[in-house]
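Participant: Provided below for reference: sequence and predicted model.
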Amino acid sequence: MIDTGEHHAAMLLLMGLVSLLAVPMRAAFARISMPSMIGFIVLGVSLSIGSNITGVASDTLNEQVPFLAKIGIVVLLFRIGLESDLDKLRQQLGRAALIWLPNMVLGATTAFALVMVWPGLGLIPALFTGVAASATSIGVSAGIWEATGALDSDTGALLLDAAELDDVSAVVLLSVLFAVGPLLKQPEGAAILAPALKAGAIQLLLTALFSMNCYLFSRWLEKPLSDGFAKLAPKHGPIVLATGAAFVIAAMAEVMGLSMAIGALFAGLAFSRDPAERSIDEAFGILLTVFGPFFFVAIGLSVDLTVLVEGIGLAAALAGMALLGKLLGAGLPATAMLGWRQGALIGFSMVPRAEIFLLVMLYGLTLGPWAVPQVLYNAAVLASIATCIIGPAIVGMMLRPLAGNTT
């Protein structure tokens, strides 16, 4: 029997309202050249305040929004993988890796060092923050490159290739953190090092096996299955196959003890070789418009305003380290290859931290204050917003005079 009680009515109402807000909010933020995620995070904070004051829909916000957020992150990371061009990446893998490796390492170590020396935090929060900060949200900057016609340039292609490597390494580190994180709570100190290293090694092995299976699926099964679904339903068959496979592969990753994030990203990579990728991408754009906002709403719901002011100084420092880490890690190697202007463009384009950064910090928050204290989480959310404003703003100023001439 279908339950039609008030609990489900509140969830449907929330889904409807957020979906209706998504399009005008994206348009409004695009007009001022800011990412719409800021608006959805603020919406989550507002819903939390309203629920705490009125007591209305607290169950829906605490139980249903996290589930909808998981759907959103699966769709989001699948689309990131889907839009990757592995053939182009292979062509200049060496150049991209020369940017990716220092970019990932310095992005992580600068954040790790800051949290390590910050009063009241320590090793484990620093580890979570470092893993989170290794990621880059290139989609925040890529829209500006595309709008100015620079994304199709050699520099734009190199930027995307380095960012693709960044995405893969970040979700792999996230997967390892899923296995090692709970062990770090143990009070044995150094005695926990060996089990943690063993768990991390096992997780890396599982990740390698999982990625190999995804490659085999992409190489031998995806095309025949897609053709078969296209014969059964020419218009929607491949889209339905991709949608179902995205959730199945993400679920398999979760069951194996990996994160669903790595499953969703690898599923997208598996379908990126399909000639029907464009229609699949358009369909997932619609799903992302509907479900993507719930991830950022969930981020906002987890912000505690009672300790927000305490984290402002830490947020400013985190944003500064985020800026420094990417400018040194990505900007300097790119400058050595392309010159200072193109190097600065790539460095500032890598500054934004959004999806994976926030996902890691939210995961740590759910484990408890020993992993990510509330003050650190609040600071991370503020720093994320700051990086998603500062980086694209500078990129926009640098690209506008070079529109159509970036090489």
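Facilitator: Yep, that arrived.
Participant: mind listing the helices for the stretch 151-300 of the chain?
Facilitator: 154-180, 193-216, 222-232, 237-255, 260-271, 277-301 (DSSP state H, counting those that start in this stretch).
Participant: Mind checking those helices for the one nearest to residue 97?
Facilitator: helix 154-180 (6.5 Å; C-beta to C-beta). Yep, even glycine has a C-beta here, placed from its N, CA and C like the rest.
Participant: now the closest one, how far from the centre of its chain.
Facilitator: With C-alpha atoms, centre = their mean, to the nearest Å as the basis, helix 154-180 stands 10 Å off its chain's centre.
Participant: cool, and stretch 311-326?
Facilitator: Per C-alpha atoms, centre = their mean, the centroid offset for stretch 311-326 relative to its chain is 18 Å.
Participant: closest one to residue 357 among the helices of the stretch 151-300 of the chain?
Facilitator: helix 154-180 (8.4 Å).
Participant: what comes up buried for the closest one?
Facilitator: 155-180 (16 or more other C-beta atoms under 10 Å).
Participant: got it, and stretch 270-290?
Facilitator: Under 16+ other C-beta under 10 Å, the buried positions of stretch 270-290 are 270-272, 274, 276-277, 280-281, 283-284, 287-288, 290.
Participant: element containing residue 361?
Facilitator: Using DSSP states H and E, residue 361 sits within helix 355-367.
Participant: pLDDT of that helix, averaged?
Facilitator: Mean per-residue pLDDT for helix 355-367: 91.
Participant: now the following helix or strand past it: how far from the chain's centre is it?
Facilitator: Past helix 355-367, further along toward the C-terminus, the next helix or strand under DSSP H and E is helix 374-399. Distance of helix 374-399 from the chain centroid (C-alpha atoms, centre = their mean) equals 14 Å.
Participant: Next: stretch 340-347.
Facilitator: That offset, for stretch 340-347, works out to 23 Å (C-alpha atoms, centre = their mean).
Participant: Likewise for stretch 126-144?
Facilitator: 7 Å.
Participant: can you give me the helices in the stretch 1-150 of the chain?
Facilitator: Counting by DSSP H, counting those that start in this stretch, the helices of the stretch 1-150 of the chain are 6-31, 37-54, 58-59, 65-82, 86-91, 93-117, 123-133, 138-147.
Participant: Format those helices as CSV; extra columns: mean neighbour count, mean pLDDT and distance to residue 341.
Facilitator: CSV is the format used below for these (neighbours: other C-beta atoms under 10 Å; pLDDT from 0 to 100; distance: least, C-beta to C-beta, whole Å):
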stretch, mean neighbour count, mean pLDDT, distance to residue 341
helix 6-31, 14, 84, 26
helix 37-54, 18, 88, 28
helix 58-59, 13, 71, 52
helix 65-82, 23, 90, 27
helix 86-91, 13, 74, 23
helix 93-117, 20, 93, 16
helix 123-133, 24, 92, 26
helix 138-147, 20, 82, 14
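Participant: quick one, which of those is nearest to residue 225?
Facilitator: Nearest of the helices of the stretch 1-150 of the chain (C-beta to C-beta): helix 65-82, 15.8 Å.
Participant: what angle do that closest one and helix 37-54 make?
Facilitator: Relative orientation of helix 65-82 versus helix 37-54 (axes from the mean of the first three to the mean of the last three C-alpha atoms, to 10 degrees): 170 degrees.
Participant: So which residues lie in contact with helix 65-82, not counting its own?
Facilitator: The contact list for helix 65-82, computed with C-beta atoms under 8 Å, 6 or more residues apart in numbering, reads 14-15, 44, 139, 167, 171, 242, 246-247, 250, 260-261, 263-272, 277, 280-281, 284-285, 287-288, 291-295, 297-298, 301, 355, 359.
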